[in-house]
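Engineer: No sequence on hand, only this structure:
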C-alpha cells in the first residue's frame, strides 16, 4: 500500500495549523498558514501529486518509533539500525518567541544519537491542493517556492539540489552527536541570529509553552497520561486568533476505504460546543473555555434569513458557503471524491440549539457569567426552538437521505428549553417563562410517546421506527431521564448488544446506527464511531452508581477503548473492522469524549 495507515501519523502545530508527520519521516499534510487554508503538502490524499516533505534514513526500511517529548507537542521520530540510531525532532514554534504569530515556521531537526546514519531529504510542495504551479529560486543552502498566492522558504545546513520540476532534495550522513536542521518559513521572516541558534531558542520556548500550559490541568484521576494527551491535542486543534476548535485538521480521509464517505472537517460545529466546553472546564482550562464562548457569541449573530442558526462556521466566525470536489486528486487509498467545504452547512439540524444552550449554561455556572446582550441573542434562538421543534431535520449524523423526526433532535430541543429556563431562574433574565415551560413539557411528553418503542423496548432513532441510535445514550447525560430509569436501562441494554442481535456494539466498540436498517443516503460501510463508545462508557458509569456490575463494565469498555489509540494516544473519528483508524485525524470530538468519560468514570469509581 502506497499510503501509510492513518494511525501511523503524529501531529505538530502552532495553534494556527497542524502538520501530519508519518512514522516514515514524511510530512504528508499541511495547510498553510491556517487549518482551512489550501494545502501545500497533501500526499495523504494523493501519493503521486499531493506534495510532501520527507526526511528518511537510507535505506528507509528501518525500525521506527514515534514519541512526544513529555508534556509537549514536540514530536520525535526515531530510526533504529545495526549501524546507529537517528532521530527527527519536529515542531512548529509557539510561545514567547512566537507571540503575535506574524510568522509561521516548521522546524525539522535531524540528529545521530548512536553510531552514524545517512539520510535523504526531499521537499516537494504542491500549492493549493496541487492545483497551482510554482517556481523555485535555488541558492546554496536555501530555496524559495513561489506560487501565485503563497511564497515559502526552506532553509537548511546542507547544499540543496533541484528535484523534478518544483522540488529540492539532499543527502547527508551524520555521526554520533551531529545535528542538522531544516526550517520551512514565510519568505518575509528573517531570523535575527544564525539558524542553529534560532532553532535552539524556538525549541526551548516551544517546550516551555506546552509544559506551562499543561500545568494548568486540574485532572488528577486515573488514566492521567491519556487525558493529558487528549488535552494537548485539543489545544493543537485550537485556532488561537478566535478560540475556535476545528473538528479535525484534515479533509476527506475516508470513513470507508475506497468509498464516498469523505468529508472536510476543518471547521467548527456548534454541536461540539457543549462537549468541548464541558471537557475544558472539567479539567481546568477556563481560559480556553472563555475564548471559545466568546467566539460562539459572535457566531450567534450570524443567523439564516429564517432566524435559524447555521450548524457550523469557519474559524473566523463566517458561514461556510460551498462544498467542492477535487477530481484531480485520487484520494487516500483511492477513496474518491476528495471534498473541501461542507454542504452539510445548509442542513437543518435542530439538535444544535440544545448543545449551544447547554454549553452556555455550563459556562455561566463554572466559568464566567454571560452578558445581557448575549442573553437577548439566546432568547431569540429559544423562541425559534419553540416555533420549530416539531419540524423534521437531518439530525446529528447529517444524513443525506432526507429529513426525518429524529428523537435526538427532539431531545436537544428539550435541553435548549430546559437550560434556558434554568438560566432565567439563576440569573433572573427576562423571558416568556410560561411559554417556554409549556413547550419544554410538550417536548418531553412527545419523546416519551413517540420516541419509545415498547415492542423492541428502547428509545428509537426516529418517529415510528424500529431501529436504535447511539445518540440516545446522551439521554441520562443531559439529565432528560435518570440513568436508572427503566426505559433508559432497557435502551442501554438494547444498544449494548451485538449487531447480529439488533444492537450497535461490536466487542465493546459502538456503531452510530445500523446503516442497513437506517439508510442515510450514502453508499458503503463505516466503522464504529469513537465518541459513541465513550458515550456508552458514561451512560454505564452513571447507571453504575446504583449497579456495580454496570460500573465494572464501563471501566472494562473504557480501558479496552484506550487500546485503540495509536502509538501516540491519538484517535481518528472511527475504528475499522481490523482495528484501523478511519475518518479525519485526529478528531477533536473523540478526544473530548475521552476526557469526559475519564472524568465521570473516575468520579463514579471513587464513589462506589
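Structural biologist: That came through fine. Model, not experiment: these values are computed from the prediction. Residues are numbered from 1 along each chain as shown.
Engineer: to the chain's geometric centre, what's the distance from the worst-scoring helix or strand of the chain on mean pLDDT?
Structural biologist: Using mean pLDDT, DSSP states H and E, helix 272-282 stands out as the lowest-scoring helix or strand of the chain, at a mean of 87. Going by C-alpha atoms, centre = their mean, to the nearest Å, the spacing between the C-alpha centre of helix 272-282 and its chain's C-alpha centre is 13 Å.
Engineer: which of the residues in the helix or strand just after that helix are buried?
Structural biologist: Note on helix 272-282: by DSSP states H and E, the next helix or strand toward the C-terminus is helix 286-299. Using 16 or more other C-beta atoms under 10 Å as the test for burial, helix 286-299 gives 286, 288, 289, 290, 291, 292, 293, 295, 296, 297, 298, 299. Every residue, glycine included, has its C-beta placed from N, CA and C.
Engineer: Which of those sits closest to residue 260?
Structural biologist: Compare each of those with residue 260 using C-beta to C-beta and the shortest gap goes to residue 299, at 29.4 Å.
Engineer: Now the residue of the chain most remote from its centre: closest residue in space that isn't a chain neighbour?
Structural biologist: Among the C-alpha atoms of the chain, the one farthest from their average position, using C-alpha atoms, centre = their mean, is that of residue 140, at 40.1 Å. With C-beta to C-beta, 6 or more residues apart in numbering as the criterion, residue 140 has its nearest non-adjacent residue at 5.7 Å, and that residue is residue 159.
Engineer: Tell me if I'm right that residue 196 and residue 183 touch.
Structural biologist: No: under the criterion of C-beta atoms under 8 Å, residue 196 makes no contact with residue 183, lying 10.1 Å away.
Engineer: neighbour-wise, which of the two wins?
Structural biologist: Comparing residue 196 with residue 183 by other C-beta atoms under 10 Å, the one with more neighbours is residue 183, at 22 against 14.
Engineer: The residue nearest to residue 140: what's it in contact with?
Structural biologist: When contacts are counted by C-beta atoms under 8 Å, 6 or more residues apart in numbering, residue 159 is found next to 140, 141, 170.
Engineer: Could you report the separation of the first one from residue 501?
Structural biologist: Taking C-beta to C-beta, to the nearest Å as the measure, residue 140 and residue 501 are separated by 68 Å.
Engineer: same question, the last one
Structural biologist: Distance from residue 170 to residue 501, counting by C-beta to C-beta: 59 Å.
Engineer: For these two, indicate the residue with more neighbours.
Structural biologist: When residue 170 and residue 501 are compared for neighbours, residue 170 comes out ahead with 20 against 8, by other C-beta under 10 Å.
Engineer: Show me the contact partners of the helix or strand that contains that one.
Structural biologist: Residue 170 belongs to strand 167-175 when elements are defined using DSSP H and E. Surrounding strand 167-175, the residues in contact under the criterion C-beta under 8 Å, 6+ apart are 58, 86, 110-112, 115-125, 136, 138, 143, 154, 156, 158-163, 180.
Engineer: Can you read off the backbone torsions of the closest residue to residue 388 other than its chain neighbours?
Structural biologist: Using C-beta to C-beta, 6+ apart and skipping the chain neighbours, the partner closest in space to residue 388 is residue 350 (6.8 Å). Backbone torsions of residue 350, given as degrees, to the nearest 10, read phi -70, psi -10.
Engineer: Number of residues surrounding residue 350?
Structural biologist: Burial measure for residue 350: 28 neighbouring residues, criterion other C-beta under 10 Å.
Engineer: One more: residue 319?
Structural biologist: Applying the criterion other C-beta under 10 Å, we find 14 residues in the vicinity of residue 319.
Engineer: Excluding chain neighbours, what is closest to it?
Structural biologist: Counting by C-beta to C-beta, 6+ apart, the nearest residue to residue 319 once its immediate chain neighbours are dropped is residue 310, at 5.4 Å.
Engineer: Note down every partner strand of the longest strand seen in the chain and its orientation.
Structural biologist: Longest strand in the chain, counting residues (DSSP state E): strand 105-124. Strands adjacent to strand 105-124 in the sheet, as given by DSSP bridges, are strand 52-57 (antiparallel), strand 84-91 (antiparallel), strand 167-175 (antiparallel), strand 179-186 (antiparallel).
Engineer: And these: which comes nearest residue 578?
Structural biologist: Distances from residue 578 to each of the strands paired with strand 105-124 were compared using C-beta to C-beta; the shortest belongs to strand 52-57, at 25.5 Å.
Engineer: tell me the mean pLDDT for the closest one?
Structural biologist: In this model, strand 52-57 has an average pLDDT of 97.
Engineer: The next helix or strand after it packs against which elements?
Structural biologist: Of the helices and strands lying after strand 52-57 in sequence (DSSP H and E), the nearest is strand 63-68. Counting by 3 or more C-beta pairs under 8 Å, 6 or more residues apart in numbering; DSSP states H and E, the packing neighbours recorded for strand 63-68 are strand 75-80.
Engineer: name the element residue 417 belongs to?
Structural biologist: Secondary structure assigned from DSSP H and E places residue 417 in helix 407-427.
Engineer: by contact count, what packs against that helix?
Structural biologist: helix 352-366, helix 372-388, helix 433-446.
Engineer: if you compare the ones you listed, which one is most tucked away?
Structural biologist: Counting by mean count of other C-beta atoms under 10 Å, helix 352-366 has the highest mean neighbour count of the helices and strands packed on helix 407-427, with a mean of 23.
Engineer: Next, the angle helix 272-282 makes with the helix or strand encompassing residue 531.
Structural biologist: Counting by DSSP H and E, the element that carries residue 531 is helix 530-543. For helix 530-543 and helix 272-282, the angle between their directions (axes from the mean of the first three to the mean of the last three C-alpha atoms, to 10 degrees) works out to 60 degrees.
Engineer: which ones are touching residue 152?
Structural biologist: 32, 40, 125, 144, 145, 184, 185, 186, 187.
Engineer: Okay, the first one and residue 422: tell me how far apart.
Structural biologist: With the distance defined as C-beta to C-beta, residue 32 ends up 44 Å from residue 422.
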